[in-house]
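>>> need coordinates for the below:
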Amino acid sequence: MPSQLSQKHPRGLYILFFAEMWERFSYYGMRAILLLFLLDNISGGMGMNAAEGTAIYGLYTASVYLLSLPGGWLADNIFGQKKAIWYGGIIIMLGHIILAVPAGGFLFFLGLVTVAMGTGLLKPNISSIVGELYPEGGARRDAAFSIFYMGINLGSFFGILIVGYLGQKVSWHMGFGAAAIGMLLGLIVFKYGSARYLVGLGEAPSQRQLKEESVPVSGTNKAIGYGLIAALVIFLIALQISGKLDMTTAQGLAQGAGIIIVAISASYFLYILIAGGLNYVEKRRVFVLIIFYLAAALFWAGYEQAGTSLQIFADRHTERTVAGWEVPSSWFQNFQPFFVLVLAPILASLWIYLSARGKNPTAPVKFAFGLTLLGLSFFVMVAASNIAITGELASPFFLTFTYFLHTVAELCVSPVGLSSYTKLAPRRYVSQLMGIWFVAASLGNLIAGLFAGGFDEKNIMQMPALFNQVAIFTTAFGLLLFVFWKPVKNWMGGIH
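This is a model prediction of the structure:
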């Protein structure tokens, strides 16, 4: 099997596969125990309440993806993608080492900030190089991103398994230390593999390249750009003065961050459309990227409940005892990467099979499938929470089936979205727009954290209604995309 895959895909894909695998081992492993550590008041955790803990969790996971935007800019304009990945990996490893030191709140939050900064530098750029391996685009690139996605989930599976067990059963900080070791292994793979199999890809732009690819910006366009920035600053100051942004609590800080993310994203898209020097076809494609951005933000807001509301449900309202041994609640998050590992090769082959027969669904249709399936999964959780409010523990099969639907939905959205952004983005903005794709994940993660903060520990009766909200919103957006997929496809300008 590996030799057959090697004939179809360049070896550089597998270097990126394993480098990303170890980076995701560190990220998802630490993420699996983060909220539990924040809520724990018995075994050396932070002892926060659910609202405060989930807000901080949402801020952290949102920051990880939000920082992808400056990370993409630095790669496009200064480092190049390969150096950005290398420096980002080193910073991530240092962050996990800081987290492994049991030295109080300040050092812990310093570690979170460090990991977020490193991930913002690494994450968009490794995906950009995957796209560079397939300049011809098409179904082969989609299949490559599905294979790459298997690496993400393989790392996630073992990260949650190992770090989750060490964190919950041995020591929180030993779990954080294991995440640092995972990132070290990823750095070793990338350092030696990229020198041989990624030659000429992801290099720092030379002055000549920058000059050739730069777009002359008129005085009017500059004024528009500065005006957008000034309007954003004035808007944020007005919100702060009026009391709409309350930075004195974790929840208020998270809400303010959500407003800032939406404002930054809107300003960035407006700037590219107005002052980015795009032609008519490129502008239509950017409009498609905006639609995919909104769909992705909504998708991740539901999908990332795995680390927040679904983690709380697994920990407090799900039967977890097997043969007298209590399964760590963090292990339930492993259903997602496990199902991806099983289903990703099947869907990757399916896209190629359908493409060869001219029947491969377009990206808008795949997005619509994904959002609709995600919505259906939360109707399953409505049923599970109706059992929980009676005082009984829900069967683990509810979460299992929910995560199965999440996985099929994820494979219709995430690898397809990654591929679409690399194909539709104007070449001079590709890393920056990859950053915007991850900003959508940032917004979704933040919403997921704020949503879980609504889980009042003293009033579990609200759970069915909360899950029902997610189910209705995501299903409705998915159906809307089904209705309008043809106009969206036309705006893609012949790119599939």
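
>>> for the residue nearest the centre of the chain, which residues are in contact?
Of all residues in the chain, the one closest to the mean position by CA atoms, centre = their mean is Ala441, 4.4 Å from it. Residues near Ala441 by CB atoms under 8 Å, 6 or more residues apart in numbering: 65, 296-297, 300, 304. No exception for glycine: its C-beta is placed from N, CA and C like everyone else's.

>>> over to Thr308?
Per CB under 8 Å, 6+ apart, neighbours of Thr308: 35, 54, 57-58, 448-449, 451-452.

>>> phi, psi for it please.
Phi and psi for Thr308, reported as degrees, to the nearest 10, are phi -120, psi -90.

>>> separation between the residue lying closest to it once chain neighbours are set aside and Asn360?
Distance criterion CB to CB, 6 or more residues apart in numbering; nearest residue to Thr308, sequence neighbours excluded, is Ala452 at 3.4 Å. Using CB to CB, to the nearest Å, Ala452 is found at 36 Å from Asn360.

>>> try Ala238
Taking CB to CB, one finds Ala238 at 47 Å from Asn360.

>>> pick out whichever of these two has more residues nearby.
Asn360 (19 against 11; other CB atoms under 10 Å).

>>> now that one: how far from Lys191?
For Asn360, the distance to Lys191 - CB to CB - is 37 Å.

>>> cool, and Ala368?
41 Å.

>>> between those two, which one's more packed in?
More crowded of Ala368 and Lys191, by other CB under 10 Å: Ala368, with 25 against 14.

>>> in what helix or strand does the more buried one lie?
helix 363-388 (DSSP states H and E).

>>> return the distance of that helix from the chain's centre.
Its chain's C-alpha centre and that of helix 363-388 lie 18 Å apart, by CA atoms, centre = their mean, to the nearest Å.

>>> report the buried residues of it.
Residues of helix 363-388 classed as buried by neighbour count (16 or more other CB atoms under 10 Å): 363-382, 384-385, 387-388.

>>> over to stretch 83-92?
Neighbour count says stretch 83-92 has 83-92 buried, by 16+ other CB under 10 Å.

>>> what pLDDT does Cys184 get?
Actually, residue 184 is Leu. It isn't Cys. For Leu184, the pLDDT comes out at 95.

>>> kindly report the same for Ala179.
93.

>>> Thr248 now?
For Thr248, the model assigns a pLDDT of 64.

>>> with Gln251 instead?
pLDDT, Gln251: 72.

>>> and it, what does it touch?
So Gln251 contacts 51-52, 55, 450, 453 (CB under 8 Å, 6+ apart).

>>> mind redoing it with 6 Å?
51, 55 (CB atoms under 6 Å, 6 or more residues apart in numbering).

>>> what's the burial count for Leu480?
13.

>>> in terms of helices and strands, where is it?
Leu480 belongs to helix 463-483, assigned by DSSP H and E.

>>> pull the CA atoms of that helix into CSV?
Provided in CSV are the C-alpha atoms of helix 463-483 (Å, rounded to 0.1, in the frame of the first residue of the first chain):
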residue,chain,number,x,y,z
MET,A,463,-28.9,21.2,28.0
PRO,A,464,-31.4,19.9,25.4
ALA,A,465,-32.3,23.5,24.4
LEU,A,466,-28.6,24.4,24.0
PHE,A,467,-27.8,21.4,21.8
ASN,A,468,-31.0,22.1,19.8
GLN,A,469,-29.7,25.6,19.0
VAL,A,470,-26.6,24.2,17.4
ALA,A,471,-28.5,21.6,15.5
ILE,A,472,-31.0,24.0,14.0
PHE,A,473,-28.4,26.7,13.0
THR,A,474,-25.9,24.3,11.3
THR,A,475,-28.6,22.3,9.5
ALA,A,476,-30.3,25.5,8.2
PHE,A,477,-27.0,26.8,6.8
GLY,A,478,-26.2,23.5,5.2
LEU,A,479,-29.6,23.4,3.5
LEU,A,480,-29.1,27.0,2.3
LEU,A,481,-25.8,26.0,0.6
PHE,A,482,-27.6,23.1,-1.1
VAL,A,483,-30.1,25.6,-2.6
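
>>> great, nothing more from me.
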